[in-house]
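Asks: Any chance you can model this:
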Amino acid sequence: MTRRVGITIALASILCLALIPMTSSAQCCAKSSGCGGGWIQLFDGLNYDDWKVNEDHPETFSFKDGQIIANGSRSHIFYTGGVLDNNFRNFELKVDVKTKPNANGGIFFHTAYLKEGWPSQGYEVQVNNTYAPDPRKTGSLYNTNDVMEQYAQDDKWFTEHITVWEDHVVIKVDGKTVVNYIEKDAKPPKCLSSGTFALQGHDPGSYIAYSNIRVKPLPCAPQWEPLFNGENLDNWEQINGTATYEVKDGVVIGTTAKGSPNSFMCTKKMYSDFELEYEAKVDPTMNSGVQIRSHSLKEYQNGRVHGYQVEIDPSERAWSGGIYDEARRGWLYDLKDNPKAQQAFKNGQWNKFRVLAVGDKIMTWVNDVPAADLEDGMTKEGFIALQVHGYNGDNPVSVAWRNIRIRDLSCANCPKAAACAKKTACANAATCANAAACAKTAACDKAAACDKAATCPKFTASAKAAPCCKQSVQ
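Replies: Presented below is the predicted three-dimensional model:
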């Protein structure tokens, strides 16, 4: 779809600065997700009273057989209902879509009602299987991260699944991930912020049916915490090997010892669901990595460290960001089919790694380029560790880490969460109630009654969150 945006860059820049999410988060995060998986219907199939058509061509949209039909000249229909006051920041959205041949349309998020014209705020997710004039196919984050391959068919229902969490956008078409995008530099007027959803009617030749529109509000992000204080390794302990670790100028430096097996500097604390960031620089002759959800158990190979490792690989193979199962199953997710990720790592330079582990899903990025996307449920929690690989060279070599920080998404530090769980029907409601700190577990509708349920001071709960969380708003 092509369009003109009638706004100057200067005005757009001001708009984006005003809308970019702040860490404290004023609104739009999960209020109550419900026990049934957290999904809330935005369109009940009976009418579209919670939706408002703009004034371009209101006749473009109609209601038929429980579906919103878009067929006519340019127009957009916006969600204006009461869920989160139609203002969403972090969320999952699923829309069932069926197109006729040569149809073009789109699904907008983080947008706002506009009387006429193309929505100027937020992003569009493309709906286009066979519309020849525009090469961007279904699932594209329009004109930002475009998909040129067709993943859905006309005259058949398919599902577009959009997940937005802070600066991260994932788009799936019928379960296949087609976009995995991190917003690095917002380009006005497109920027991740907050807002409502809209469906597009593109032209008279396009016929699109939208149905079963549902949203799962997601929690506001917790605050980042340093995992390494820049001064010492007091909250870490070395396990296995005889490599040396020292702190110098805010950097952890691990140096090989000839003949030593793999060495690990491990956090004393265990982590389950989290987002981890760090920078690493490694000698080009060695291999290294960062362990996550790992363990050292006497009954397992006499205490050998084992678990998931995010690879640091300066070799020609270039699998940095891949996931290796240390001392267990070997490679779980290599990068042989991901040339962009292979090219992301820069030898001899500081490289930024990002790791997101939630439930069975582990995802990695190297210098903001998506690398691994693994689903594996073998280990749910464990320590984080910095590896110095075994090395037999005559001259010691080093690997260095800095700016190591973490966001704990498990909310295991909420002492009163269990009390709320007992008052709800959610079997897994051991979460910060409606502060919705647990990314993997939906908070229960009934949790609003838990007025003493869980203060979660580490989480920036929404000002609009349920009463049991108001005391935890920062």
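Asks: secondary structure element for Ala372?
Replies: strand 369-375 (DSSP states H and E).
Asks: ok, and for that strand, which residues are buried?
Replies: Val369, Pro370, Ala371, Ala372, Asp373, Leu374 (16 or more other Cβ atoms under 10 Å). In short, each C-beta sits where N, CA and C put it, glycine included.
Asks: Contacts for that strand, please.
Replies: 177, 180, 182, 310, 320-323, 332-333, 335, 338, 340-341, 343-344, 360-365 (Cβ atoms under 8 Å, 6 or more residues apart in numbering).
Asks: tell me which element Val399 is part of?
Replies: strand 398-408.
Asks: Which of the contacts of strand 369-375 are buried, as a ChimeraX select command?
Replies: Only the buried members of the contacts of strand 369-375 enter the following ChimeraX selection, criterion being 16+ other Cβ under 10 Å:
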select :180,310,320,321,322,323,332,333,335,338,341,344,362,363,364,365
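Asks: Distance of the nearest residue to Gly303 once chain neighbours are set aside relative to Gln238?
Replies: Leaving aside its chain neighbours, Gly303 sits nearest to Ser296 (4.9 Å; criterion: Cβ to Cβ, 6 or more residues apart in numbering). Ser296 sits 11 Å away from Gln238, going by Cβ to Cβ, to the nearest Å.
Asks: now do Gln387
Replies: Counting by Cβ to Cβ, the gap from Gln387 to Gln238 is 11 Å.
Asks: Next: Pro370.
Replies: 32 Å.
Asks: Now do Val95 against Cys266, distance only.
Replies: 44 Å.
Asks: pLDDT at the residue of the chain positioned farthest from its centre, what is it?
Replies: Most distant residue from the mean C-alpha position of the chain: Asp394, 43.3 Å away (Cα atoms, centre = their mean). With respect to pLDDT, Asp394 scores 83.
Asks: Chain neighbours aside, what residue packs nearest to it?
Replies: Closest to Asp394 by Cβ to Cβ, 6+ apart is Lys258, at 7.1 Å.
Asks: Could you tell me which strands the helix or strand hosting Tyr181 is paired with, and in which direction each runs?
Replies: Element membership for Tyr181 (DSSP H and E) is strand 176-182. With DSSP bridges as the test, strand 176-182 is paired with strand 168-173 (antiparallel).
Asks: show me what contacts Val282?
Replies: Ser288, Ile312, Pro314, Ser398, Val399, Ala400 are the contacts of Val282 under Cβ under 8 Å, 6+ apart.
Asks: mind checking how far it is from Gly390?
Replies: In terms of Cβ to Cβ, Val282 sits 14 Å off from Gly390.
Asks: that older thread, what's whichever helix or strand comes after the strand holding Ala372 packed up against?
Replies: Sequence order places strand 383-388 as the next helix or strand after strand 369-375, per DSSP H and E. Strand 383-388 sits against strand 251-255, strand 263-267, strand 288-296, strand 398-408, with contacts defined as 3 or more Cβ pairs under 8 Å, 6 or more residues apart in numbering; DSSP states H and E.
Asks: re the thing from before, got the contact list for the residue nearest to Gly303?
Replies: Taking Cβ under 8 Å, 6+ apart as the test, what Ser296 contacts is Ile239, Asn240, Phe264, Cys266, Gly303, Arg304, Val305, His306.
Asks: Out of these, the closest to Pro219 would be?
Replies: Closest to Pro219 out of those is Cys266 (28.0 Å), distances taken as Cβ to Cβ.
Asks: before we move on, back to that, could you give the bridge partners of the residue nearest to Gly303?
Replies: Val305.
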